[in-house]
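Enquirer: using only what follows, build the 3D model:
(one chain, ligands or ions: 2)
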Amino acid sequence: MIEPAISFNRVSKTYRTGFWGKSFIALDDLSFEVRRGEILGYLGPNGSGKTTTFKVLLDLIRPDTGSITVFGGPADQQARERIGFLPENPYFYMYLTAAESLHFHGRLRGMSRDERKSRIPELLHLVGLDHAEGRALRKFSRGMLQRIGIAQAMVNDPDILILDEPMSGLDPSGRKQMRDIILGCRDLGKTVVFSSHILSDVEVMCDRAAMIRQGKLQGIVQVGEMLDSRITHWEISCTNLPDASRYAGCIAQQTKNQLLLKVGDEAEAKNMMWDIEQSGGRVLSFGPLRTSLEDLFINQSGE
Ligand SMILES: Nc1ncnc2c1ncn2[C@@H]1O[C@H](COP(=O)(O)OP(=O)(O)OP(=O)(O)O)[C@@H](O)[C@H]1O
Ligand SMILES: [Mg+2]
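Expert: Ligands and ions are numbered 1, 2, ... in the order given. Predicted coordinates for the structure are as follows:
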């Protein structure tokens, strides 16, 4: 049997807060596995326990009960050397250049000078920062900082990457770059877990998605395989229709020049397209409409 990359076994964590030490359950009997080589999206609203899960894995805080294994063994110091971590709010030494910052992190990870010298250009290339090697981090944009953060997490070539909200604060092109880096990590055989509360990011790049809410795991879904089962309707956009009233029951939206039709059944939708073309109309687009992951999780958790 292939051991999972990470296994959480009935992990619970309670914080004590306020003057009276009132207890707050941040993780509640959490059990799940991260498979080797997968990208797992870890979803949840603010305050649901995502960062706490990562901190427990990295031994930054101790769980009250439960255990964690990494590649089938204890999550000890040796195992954690195989994990790279990008925190939610990473701290950067702003006066260091990109290369210096990676040398610094490499030294912290016990890498020799020769190892660092061959690894660092490779890493800068991987995160698309070759051109900024000698630039101080204080002159970096938010997206560039986030990318150097990932490079820091990967400095000693870890097998597992834990990224806490890697997309936060990035514009669409920054998100795309980050997505490509994460997908590139999987191509290199890494196991990646990243947290987010943005479902579309998870949908486009994850193999599986786990949802946590108030410290409890709501479920894990296989993102790719679920795509077909989540089709709710077929959508046809068309123009030049001589007689739109023929499709009155299916009209979702009508503008001066275009008509958007929604049909429940694929075969019926294909017949309708044929009919439109025959009657002199023109089909502009045709495709499935799917339930979003959000709806799926909301249905699962009964809310
Ligand atoms: N050190 C702490 N002491 C007390 N309570 C804490 C502490 N750290 C986190 N919490 C509480 O535990 C809960 C889970 O926090 P956590 O940071 O894990 O959530 P999160 O899912 O990462 O949220 P976000 O999306 O905002 O980053 C929150 O209600 C938070 O207020
Ligand atoms: Mg967090």
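
Enquirer: could you tell me which residues of the stretch 1-150 of the chain lie near ligand 2?
Expert: Lys50, Thr51, Glu88 (Cβ under 5 Å from the ion). C-betas here are computed from N, CA, C, even on glycine.

Enquirer: now do the SS call for the last one.
Expert: This points to Glu88. Of the three states, Glu88 takes coil under DSSP: H, G, I helix; E, B strand; the rest coil.

Enquirer: show me what contacts it?
Expert: By Cβ atoms under 8 Å, 6 or more residues apart in numbering, Glu88 lies in contact with Thr51, Asp164, Glu165, Ser168.

Enquirer: that older thread, from the residues of the stretch 1-150 of the chain next to ligand 2, which shows the smallest pLDDT?
Expert: Among those, Glu88 carries the lowest pLDDT, at 91.

Enquirer: what about it, distance to ligand 1?
Expert: 6 Å (Cβ to the nearest ligand atom, to the nearest Å).

Enquirer: and the closest residue to that residue other than its chain neighbours, backbone torsions?
Expert: With sequence-adjacent residues excluded and distances taken as Cβ to Cβ, 6 or more residues apart in numbering, Glu88 is closest to Asp164, at 4.2 Å. Reported as degrees, to the nearest 10, the phi and psi values for Asp164 are phi -90, psi 110.

Enquirer: what is the burial count for Asp164?
Expert: For Asp164, the count of nearby residues is 22 (other Cβ atoms under 10 Å).

Enquirer: for Asp64, same thing?
Expert: Number of residues near Asp64 (other Cβ under 10 Å) recorded here: 14.

Enquirer: phi and psi next, for it.
Expert: Per degrees, to the nearest 10, the backbone of Asp64 is at phi -70, psi -40.

Enquirer: begin at 233 from now on, thanks
Expert: That works, and once the first residue is 233, the last one we named lands at Asp296.

Enquirer: check it and give its pLDDT.
Expert: pLDDT, Asp296: 95.

Enquirer: wouldn't it be in contact with Thr246 here?
Expert: Yes: the pair formed by Asp296 and Thr246 meets the contact definition of Cβ atoms under 8 Å, at 5.6 Å.

Enquirer: what helices or strands is the helix or strand hosting Gln378 leaning on?
Expert: Per DSSP states H and E: Gln378 is located in helix 374-385. In terms of contacts (3 or more Cβ pairs under 8 Å, 6 or more residues apart in numbering; DSSP states H and E), helix 374-385 is packed against strand 315-318, helix 330-340, helix 345-358, strand 392-396, helix 404-419.
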